[in-house]
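Participant: this is a predicted model, with the sequence first.
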Amino acid sequence: MSGHVPVMLQEVMASLRPRSGATYLDATFGGGGYAAAILGAADCTLWAIDRDPQAIARGAELVARYPGRLHLVHARFGDMLDSLAARGVTQLDGVVMDLGVSSFQLDEAERGFSFRADGPLDMRMGREGPTAADLVNTLPEDELTRIIAEFGEERHARRVARAILRARAESPIVTTARLAEIVRRAVPRDPSGLDGATRSFQALRIAVNDELGEVQRGLAAALRMLAPGGRLVVVAFHSLEDRLVKRAMAEAAGRSGSASRHDPASLLRRDRPDFALVTPRALRPSDAETASNPRARSARLRAIEKLPHDTLATGTQVHA
């Protein structure tokens, strides 16, 4: 697990508050940074999920270090309900999620996630299903435009899609370097210095792995599995993910808005929420962390707690 730097580790641990005898889930095992910290902080049981078989293989060293306490599961975290129930786990005292692509996946050129090194245009986290090359070489212009605009928030999505169609008519696009060059030529230079291929690569990765659907399923499952007093802690890296996390937590905590006082529905009693926000606003990484680990720059941390049954919920936040 060398070379892996878990983002906002101090804030994650302060929000999760691991305790001995409890059962936790690291829903995105990745390089095992959060898992190692949780296991080292308390004499607890930890389940860890990852859809990437290479991540599961890397975890063998950590399993050996904590025999009987760490259990790795090769699965999508959106399927945690079924995956853990099959192993006799139906309730958790805490869940941590680190969304998006892992450092290992970005750094391995052969995985095809990054435009910074040439490799096959793959981008599959779990090594199953269509690749990014399949998408760029087969999808019609309108669908490519939608993916790049919606998932990459790329203003020049139509231009990028048309450039891809022109290029693939000459020969299939099968490498990250060729796709990156096609995209860069199609978009104006960004005054911020952001590489022109960044947004389109992000969009394709999200589409290939159904990342936003996975986040929605994972959030719903985690909230359902939390025991009273349990906490869900989520680190997101771009606005699309963070919006989903913010909305799910706000709704669970009864903060999704109420009916207008002029609406008869406002006279109906609203049930007290089962959850309270630990973080009323997203936490950001420190300046020191972003200086030492630039990948932390866009991170946002949000946390929520399942209220004990005897707690009178008011919809206000609880403190970490």
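Facilitator: That came through, no problem. Numbering: from 1, shown residues only.
Participant: first-to-last residue distance for stretch 277-288?
Facilitator: Terminal residues of stretch 277-288 are spaced 26 Å apart (C-alpha to C-alpha, to the nearest Å).
Participant: buried set for stretch 234-251?
Facilitator: Within stretch 234-251, the residues scored as buried using 16 or more other C-beta atoms under 10 Å are 234-238, 240-242, 244-246, 248-250. From N, CA and C alone the C-beta is placed, and that goes for glycine too.
Participant: repeat for stretch 149-162
Facilitator: 149, 151-152, 154, 156-161.
Participant: just the CA coordinates of that stretch, formatted as CSV?
Facilitator: Below are the C-alpha coordinates for stretch 149-162, written out as CSV (Å, rounded to 0.1, in the frame of the first residue of the first chain):
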residue,chain,number,x,y,z
ALA,A,149,-21.8,17.7,-20.8
GLU,A,150,-23.6,16.0,-17.9
PHE,A,151,-20.8,14.0,-16.3
GLY,A,152,-17.8,16.2,-17.3
GLU,A,153,-19.6,19.6,-17.1
GLU,A,154,-17.8,20.4,-20.3
ARG,A,155,-19.2,23.5,-22.0
HIS,A,156,-17.8,22.4,-25.4
ALA,A,157,-19.2,18.9,-25.2
ARG,A,158,-20.7,19.1,-28.7
ARG,A,159,-17.4,20.1,-30.3
VAL,A,160,-15.6,17.3,-28.4
ALA,A,161,-18.2,14.7,-29.6
ARG,A,162,-18.0,15.8,-33.2
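Participant: narrow the buried residues of stretch 234-251 to those in helices?
Facilitator: 240-242, 244-246, 248-250 (DSSP state H).
Participant: and the buried residues of stretch 149-162, which is closest to L81?
Facilitator: F151 (25.6 Å; C-beta to C-beta).
Participant: what is the three-state secondary structure of A169?
Facilitator: helix (DSSP: H, G, I helix; E, B strand; the rest coil).
Participant: ok, which pair from the buried residues of stretch 234-251 is furthest apart?
Facilitator: For these, the farthest-apart pair by C-beta to C-beta is F237 and A250; their separation is 19.6 Å.
Participant: pLDDT-wise, which helix or strand of this protein ranks last?
Facilitator: helix 103-107 (a mean of 51; mean pLDDT, DSSP states H and E).
Participant: what sits up against whichever helix or strand comes after it?
Facilitator: Downstream of helix 103-107, the next assigned helix or strand under DSSP states H and E is helix 132-138. Helix 132-138 is contacted from outside by 112, 120-123, 144, 147, 164, 168, 172-174, 179, 204-205, 207-208, using C-beta atoms under 8 Å, 6 or more residues apart in numbering.
Participant: tell me how far C44 lies from L16.
Facilitator: To L16, C44 is 10 Å away according to C-beta to C-beta, to the nearest Å.
Participant: list the residues that contact the most centrally placed residue in the chain.
Facilitator: By C-alpha atoms, centre = their mean, the chain has its centre lying nearest to L99, at 1.6 Å. Contact analysis of L99 by C-beta under 8 Å, 6+ apart lists 28, 211, 215, 234-237, 241, 245.
Participant: one more time with 6 Å
Facilitator: By C-beta atoms under 6 Å, 6 or more residues apart in numbering, the contact set of L99 is 236, 241.
Participant: need phi/psi at it.
Facilitator: L99 adopts backbone torsions of phi -80, psi 160, taken as degrees, to the nearest 10.
Participant: again, but for E61
Facilitator: In terms of degrees, to the nearest 10, the main-chain angles of E61 are phi -60, psi -40.
Participant: for A64, same thing?
Facilitator: According to degrees, to the nearest 10, A64 has phi -70, psi -30.
Participant: would you map out the domains in this protein?
Facilitator: Here the domain parsing of the chain from automatic domain parsing is 9-98+211-306, 110-209.
Participant: need those domains in a markdown table with mean pLDDT, can you?
Facilitator: Formatted as a markdown table, those follow (pLDDT from 0 to 100):
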| stretch | mean pLDDT |
| --- | --- |
| domain 9-98+211-306 | 91 |
| domain 110-209 | 90 |
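Participant: which parts of the stretch 151-300 of the chain are strands?
Facilitator: Under the criterion DSSP state E, counting those that start in this stretch, strands of the stretch 151-300 of the chain are mapped to 226-236, 275-277, 300-306.
Participant: strands paired with the shortest one, and their directions?
Facilitator: When pairs are called by DSSP bridges, strand 275-277 turns out to pair with strand 300-306 (antiparallel).
Participant: follow-up on the earlier one: so for C44 and L16, which sits in the more crowded spot?
Facilitator: The neighbour comparison of C44 against L16 (other C-beta atoms under 10 Å) goes to L16, with 27 against 19.
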